[in-house]
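> no FASTA, just this:
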Ligand SMILES: Nc1ncnc2c1ncn2[C@@H]1O[C@H](COP(=O)(O)OP(=O)(O)OP(=O)(O)O)[C@@H](O)[C@H]1O
Ligand SMILES: CC(C)(CO)[C@@H](O)C(=O)[O-]
Ligand code: BAL
């Protein structure tokens, strides 16, 4: 890539992988990357191999002009927008060991999703050869899977996790929020509210009671269909009942109207 001479001259290269439809969450990743690297590359690629629902892939937003403008304003140095043919010139098999957490939570509801995610991230790393790569905590399990892929191939890329950027009312920013109707948008707030309830009561209530209350909040919200709400170990993603175990995170996924959203908050 054109960054090779800059890298050879000692400059640090950062990659911010995205699927486009950029929002302030993505900009926060670019901002953090700019603080830590000399050149920031943002990739925009809607990766077909990570979609398990063809309708989800088809309707994924692709507002290209808006994205380019946002990247210019954010001071991103390079935009990398490969075509599907460039990234997948031939049909290929990809299967690597990502550990048992691959099959939990998102992996259970989107079978094979993390094989597709790690396949494309490896290809992006091969193309850009970054020193650092920035990902959002919003996709908590994705960061774990990418760290496992990096360890699997022993890649010299440092993975940096960036905090979740939220709307003023608490909804985690997401490209898919654009699909929410006005009523969905109101209903979707229950996800961050249920997570905040768990954070606020973490010290005083047992795990079982926290989960019961959070799930009840979500279940009684019309138009919201819960996939999972869990309090889990932040590495194994296995459910955890012991509040003193440390490294705990609350994670949620739900369909709001026709749109599936995820969110999480760190507990300890
Ligand atoms: N609200 C957010 N705060 C911080 N990072 C975010 C946020 N939303 C997305 N990201 C991160 O931006 C990167 C690119 O994500 P992506 O382009 O899929 O956007 P998205 O908003 O997560 O869209 P989607 O609707 O597909 O979940 C990922 O590392 C993701 O975790
Ligand atoms: C990391 C990623 C760009 C891979 O397609 C995607 O999963 C995303 O946007 O989070
Ligand atoms: N932000 C995660 C990408 C996906 O939902 O496919």
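Noted; the coordinates are in hand. Keep in mind the model is a prediction, meaning the values are calculated, not measured. Numbers count the residues shown, from 1 in each chain. Ligands and ions are numbered 1, 2, ... in the order given.
> in the longest helix along the chain, what counts as buried?
When the chain is scanned for its longest helix (criterion: DSSP state H), the result is helix 113-128. Within helix 113-128, the residues scored as buried using 16 or more other CB atoms under 10 Å are 113-125, 127-128. C-beta here means a position set from N, CA and C on the backbone, and glycine is covered the same way.
> Next secondary structure after it?
strand 132-136 (DSSP states H and E).
> Show me what from the stretch 1-150 of the chain comes close to ligand 1.
18-19, 25-26, 28-29, 135-136, 138-139 (CB under 6 Å from any ligand atom).
> Name the residues that touch the longest helix of the chain?
Contacts of helix 113-128 with the rest of the structure, by CB atoms under 8 Å, 6 or more residues apart in numbering, involve 1, 3, 13, 15, 17, 41, 43, 45, 47-52, 80, 82, 87, 94-96, 98, 102, 106-107, 133, 141-142, 145-146, 148-149, 153, 155, 157.
> any chance of the residues of the stretch 1-150 of the chain next to ligand 1 in a markdown table, with pLDDT too?
Formatted as a markdown table, the entries for those read as follows, by pLDDT from 0 to 100:
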| residue | pLDDT |
| --- | --- |
| 18 | 98 |
| 19 | 98 |
| 25 | 98 |
| 26 | 98 |
| 28 | 98 |
| 29 | 98 |
| 135 | 99 |
| 136 | 98 |
| 138 | 98 |
| 139 | 98 |
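> one step back: taking the contacts of helix 113-128 one by one, which sit in strands?
When these are checked against strands using DSSP state E, the ones located there are 13, 15, 17, 41, 43, 80, 133.
> Please tell me how far the fifth one sits from ligand 2.
The one in question is residue 43. Distance of residue 43 to ligand 2, given as CB to the nearest ligand atom, to the nearest Å: 7 Å.
> same check, this time on the fourth one
Computed with CB to the nearest ligand atom, the distance linking residue 41 and ligand 2 is 12 Å.
> Walk me through the domains of the chain.
When the chain is parsed into structural domains using automatic domain parsing, the resulting residue ranges are 4-162, 175-266.
> For ligand 3, which of the ones you listed is the nearest?
domain 4-162 (4.7 Å; CB to the nearest ligand atom).
> can you give me how far that closest one is from the chain middle?
Taking CA atoms, centre = their mean, to the nearest Å, one finds domain 4-162 lying 9 Å from the centre of the chain it belongs to.
> Can you name the residues of the protein that neighbour ligand 3?
Within the chain, the residues that sit near ligand 3 (CB under 6 Å from any ligand atom) are 50, 139, 142.
> and of those residues, the nearest to residue 223?
The nearest member of the residues of the chain next to ligand 3 to residue 223, counting by CB to CB, is residue 139 at 23.5 Å.
> Find the nearest non-adjacent residue to that closest one, please.
For residue 139, the nearest residue in space outside its immediate sequence neighbours is residue 262; the separation is 7.2 Å by CB to CB, 6 or more residues apart in numbering.
> quick one: which helix or strand includes the one you found?
In this structure, residue 262 is located in strand 259-266 according to DSSP H and E.
> May I have the secondary structure class of residue 253?
strand (DSSP: H, G, I helix; E, B strand; the rest coil).
> Grab the nearest non-local neighbour of it.
The shortest distance from residue 253 to any residue other than its chain neighbours is 4.2 Å, reached at residue 227 (CB to CB, 6+ apart).
> ok so, going back, among the residues of the stretch 1-150 of the chain next to ligand 1, which ones are in strands?
Under the assignment DSSP E, these contribute 18, 135-136 to strands.
> in the sheet, who's paired with the residue lying closest to residue 267 once chain neighbours are set aside?
Setting aside the residues directly before and after it, residue 267 is nearest to residue 248 in space (CB to CB, 6+ apart), at 4.2 Å. Residue 248 has these beta-bridge partners by DSSP bridges: residue 233.
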